[in-house]
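In: Structure, please.
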Amino acid sequence: MPTYKGSCHCGKTKFDVEGELKQVLSCNCSICRRTGALLWGMPADRFHLTTPDSNLKTYEFNRHVIKHRFCTTCGIDPFSEGVDKSGNKMVAVNVRCLEGVDLEKLDVKSFNGAAL
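Out: Now for the predicted structure:
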């Protein structure tokens with residue numbers, strides 16, 4: 001399984017993710033629409049934060065079920081944390097924060113997060 005390295009803009013937040021990056025979501029909720037995030041969801045055990053969690057802050061809105069994590073220095077939000085319908089911990093990585101990813105080659109699916 002491939003491993004991707006990711007970070008915020010300033011590099012104070014870094015992480016690794018494992019998996020086959022084939023499809024991403026373009027969500028139209030109020031936060032994703034504003035940030036332009038392309039999201040890749042995965043079980044939390046495939047995500048590994050390699051810098052201190054204290055370098056991040058958390059933002060929650062609406063139903064407060066997704067923890068949007070952002071760097072305390074540059075403000076970039078490279079990932080979010082939540083749970084799936086079965087209660088399993090999940091992470092959604094903003095693939096725009098991953099190194100070496102050709103965004104033009106990804107299968108982008110629309111997700112109507114605004115309707116939630």
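
In: didn't V95 look like it was pressed against W40?
Out: Yes - counting by CB atoms under 8 Å, W40 is a contact partner of V95 at 5.1 Å. Yep, even glycine has a C-beta here, placed from its N, CA and C like the rest.

In: Now the common contact residues for the two.
Out: Common contact partners of V95 and W40 (CB atoms under 8 Å, 6 or more residues apart in numbering): 21, 24.

In: Give me the most central residue, this structure.
Out: By CA atoms, centre = their mean, the chain has its centre lying nearest to V93, at 2.2 Å.

In: Restricting to C-alpha, output the helix or strand in which that one is found in CSV.
Out: Using DSSP states H and E, V93 sits in strand 89-94. Coordinates of each C-alpha in strand 89-94 appear next as CSV, following Å, rounded to 0.1, in the frame of the first residue of the first chain:
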residue,chain,number,x,y,z
LYS,A,89,-12.9,6.6,13.7
MET,A,90,-12.2,8.2,10.3
VAL,A,91,-9.9,10.8,8.9
ALA,A,92,-10.6,13.0,5.8
VAL,A,93,-7.3,14.3,4.3
ASN,A,94,-7.2,17.3,2.0
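
In: Centre of the chain to that strand, how far?
Out: With CA atoms, centre = their mean, to the nearest Å as the basis, strand 89-94 stands 5 Å off its chain's centre.

In: List the buried residues in the helix or strand following it.
Out: Note on strand 89-94: by DSSP H and E, the next helix or strand toward the C-terminus is strand 107-111. Across strand 107-111, burial judged by 16 or more other CB atoms under 10 Å covers F111.

In: can you check stretch 37-52 too?
Out: For stretch 37-52, a neighbour-count test (16+ other CB under 10 Å) marks 37-40, 42, 47, 49 as buried.

In: Which members of those are the farthest-apart pair?
Out: Spanning the widest gap among these are L38 and L49, at 19.9 Å by CB to CB.

In: which residue ranges form the helices in the protein?
Out: In the chain, the segments counted as helices under DSSP state H are 30-35.

In: For it, just list every one of the strands.
Out: With strands called from DSSP state E, the chain shows them at 3-7, 14-18, 23-27, 39-43, 47-49, 56-59, 67-71, 79-83, 89-94, 107-111.
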